[in-house]
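>>> fold the following and give me the result.
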Amino acid sequence: MEEKNTSNPMEHTANVKKEFRALIDHLRRDVERLQDPSAKALFEVSAEVITGLEKAFNDYEQKNEAAWKK
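The predicted structure is shown next:
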């Protein structure tokens, strides 16, 4: 991830969300390749957790939650 020298939180959230999406996609691709059911579950659960983080970042950007409203 390329770091920008800015204090604008929206630039930082956008960068982190790109990284989340890449990792989510990677984990889900690997689920299809794995044979071990426990490993498949680990990767799928990990993708779901990171999807939750991605949603939190989206909510922050959209000010969808009371916690993010000023």
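>>> so which elements touch the helix or strand where Leu53 lies?
Using DSSP states H and E, Leu53 maps to helix 37-62. Helix 37-62 sits against helix 9-33, with contacts defined as 3 or more C-beta pairs under 8 Å, 6 or more residues apart in numbering; DSSP states H and E. The C-beta positions use only the backbone N, C-alpha and C, and glycine is treated the same way.
>>> give me the buried positions along the helix it packs on.
17, 20, 24, 27, 30-31 (16 or more other C-beta atoms under 10 Å).
>>> out of those residues, which is nearest to Asn64?
Nearest to Asn64, judged by C-beta to C-beta, of the buried residues of helix 9-33 is Lys17 at 14.4 Å.
>>> now do the same contact list for that closest one.
Residues near Lys17 by C-beta atoms under 8 Å, 6 or more residues apart in numbering: 54, 57-58.
>>> so which of those residues comes closest to Thr6?
Phe57 (16.5 Å).
>>> quick one: the residue nearest in space to the middle of the chain and Asp59, what's the gap?
Centroid-nearest residue in the chain: Phe20, 3.1 Å away (criterion: C-alpha atoms, centre = their mean). Distance of Phe20 to Asp59, given as C-beta to C-beta, to the nearest Å: 13 Å.
>>> do the same with Arg33
32 Å.
>>> same thing with Ser46?
20 Å.
>>> contacts only, for the residue nearest to the centre of the chain.
By C-beta under 8 Å, 6+ apart, Phe20 lies in contact with 50-51, 53-54, 57.
>>> name the helix or strand for Asn64, please.
With DSSP H and E as the test, Asn64 turns up in no helix or strand.
>>> which residues does it contact?
Applying C-beta under 8 Å, 6+ apart, the residues contacting Asn64 are Asn58.
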